[in-house]
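1. when you get a sec, could you give me coordinates for this:
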Amino acid sequence: MARELWHAALEEPCPYLADLEATTDYRILADVTPEEHQEMIIRGWRRFGMQYFRPKCAGCLECVSLRVPVATFQPTKSQPRPWRKSDHLRIRIGPPQANEERVDLFHAWHAMREETRGWKPSVMTLREYALTFCTPNACAREMAFYEEDRLVAVGHVDVTPQAFSSIYFFYHPDVSRCSLGVASVLFEIESARRLNCPYLYLGYRISGCPSTAYKSQYGPHELLQGRPEMEEEPVWR
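-> Next up is the predicted model:
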């Protein structure tokens, strides 16, 4: 059973929409079971390490949780092309790993985003990487993409019987031609289908934020209504 180590609602600059303030509900949880983790995912909670979080902004519902029913997913005409472009890559799925190779890859990808989208510079250390992506969790998986023997992309996901949750994906700018962001989502959908997992959860879609608005391109999809508490039944439409 999960143990709550810390819980607070913090006000901070909105990470998605400029010039807005956000309130985020943060919880530090230990010993979370897959069943408990699943119940949080389907109610719109996200996870980095032991930290679970969900928006709690008064008067703003721009952050909407989005999931794709894998059985009815229909790719657009353009989405299969990245899948074909990346079919030369090897994909290894296993427990998350923290090492300098992965931190260097993360920094290369983040530097590209800093240049193209104005992100603030990343100062993530190996220890911070481990705390963010590699703390013990029974649901955590890493998808490592290799071009021959070179690591070129990493995807972090959580897997429960009813939820395949996409956490974070990054790749080296050298392989931008492969459109790995699209290919990774298609791979996650296929992985969920093979596991008989009915839904891929893509996190929050914010219409005014290009970094998240792309999620609406995967469909048909469902959106979570409001912010249900743990004792409430979540409604997806």
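
2. can you tell me which residue is spatially central in this protein?
-> residue 167 (2.1 Å; CA atoms, centre = their mean).

3. mind giving me the packing neighbours of the helix or strand of the chain with the lowest mean pLDDT?
-> Ranking every helix and strand in the chain by mean pLDDT, DSSP states H and E puts helix 210-213 at the bottom, with a mean of 87. Packed against helix 210-213 by the contact rule (3 or more CB pairs under 8 Å, 6 or more residues apart in numbering; DSSP states H and E) you find strand 199-205. C-betas here are computed from N, CA, C, even on glycine.

4. now the strands for this protein?
-> All strands of the chain, identified by DSSP state E, fall at 3-13, 21-30, 46-48, 51-55, 64-69, 90-94, 140-147, 150-159, 164-171, 199-205, 222-223.

5. turn the ones you listed into TSV, including distance to residue 123 and mean pLDDT.
-> TSV is the format used below for these (distance: least, CB to CB, whole Å; pLDDT from 0 to 100):
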stretch	distance to residue 123	mean pLDDT
strand 3-13	18	96
strand 21-30	21	97
strand 46-48	16	97
strand 51-55	18	98
strand 64-69	29	98
strand 90-94	27	97
strand 140-147	22	98
strand 150-159	19	98
strand 164-171	16	98
strand 199-205	23	98
strand 222-223	35	98
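
6. mind checking the pLDDT average for stretch 116-130?
-> Averaged across stretch 116-130, the pLDDT comes to 92.

7. what residues does it touch?
-> By CB atoms under 8 Å, 6 or more residues apart in numbering, the residues outside stretch 116-130 that reach it are 98-100, 102-103, 106-107, 110-111, 113-114, 132, 210-211.

8. just the C-alpha atoms of the least confident helix or strand of the chain, please, in PDB.
-> Taking Å, rounded to 0.1, in the frame of the first residue of the first chain, the C-alpha atoms of helix 210-213 are listed here in PDB:
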ATOM      1  CA  PRO A 210       2.700  23.200 -29.300                       C
ATOM      2  CA  SER A 211       4.600  20.800 -27.100                       C
ATOM      3  CA  THR A 212       1.300  19.100 -26.100                       C
ATOM      4  CA  ALA A 213      -1.200  20.000 -28.700                       C
END
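
9. what residues sit buried inside it?
-> residue 212 (16 or more other CB atoms under 10 Å).

10. and it, how far out from the chain middle?
-> 13 Å (CA atoms, centre = their mean, to the nearest Å).

11. just stretch 23-37 next, same as before
-> Worked out by CA atoms, centre = their mean, stretch 23-37 lies 15 Å from the chain centre.

12. what about it, start to end distance?
-> Terminal residues of stretch 23-37 are spaced 22 Å apart (CA to CA, to the nearest Å).

13. and what of stretch 85-92?
-> Note: stretch 85-92 ends 18 Å apart using CA to CA.

14. repeat for stretch 50-61
-> End-to-end for stretch 50-61, by CA to CA: 25 Å.

15. now do the buried residues in it.
-> 50, 51, 52, 54, 55, 56, 57.

16. out of everything not next to it in sequence, what's closest to the third one?
-> Counting by CB to CB, 6 or more residues apart in numbering, residue 52 lies nearest to residue 27, which is 4.6 Å off, once chain neighbours are set aside.

17. ok, that neighbour touching residue 7?
-> Yes. Contact between residue 27 and residue 7 holds when scored by CB atoms under 8 Å: they sit 4.9 Å apart.
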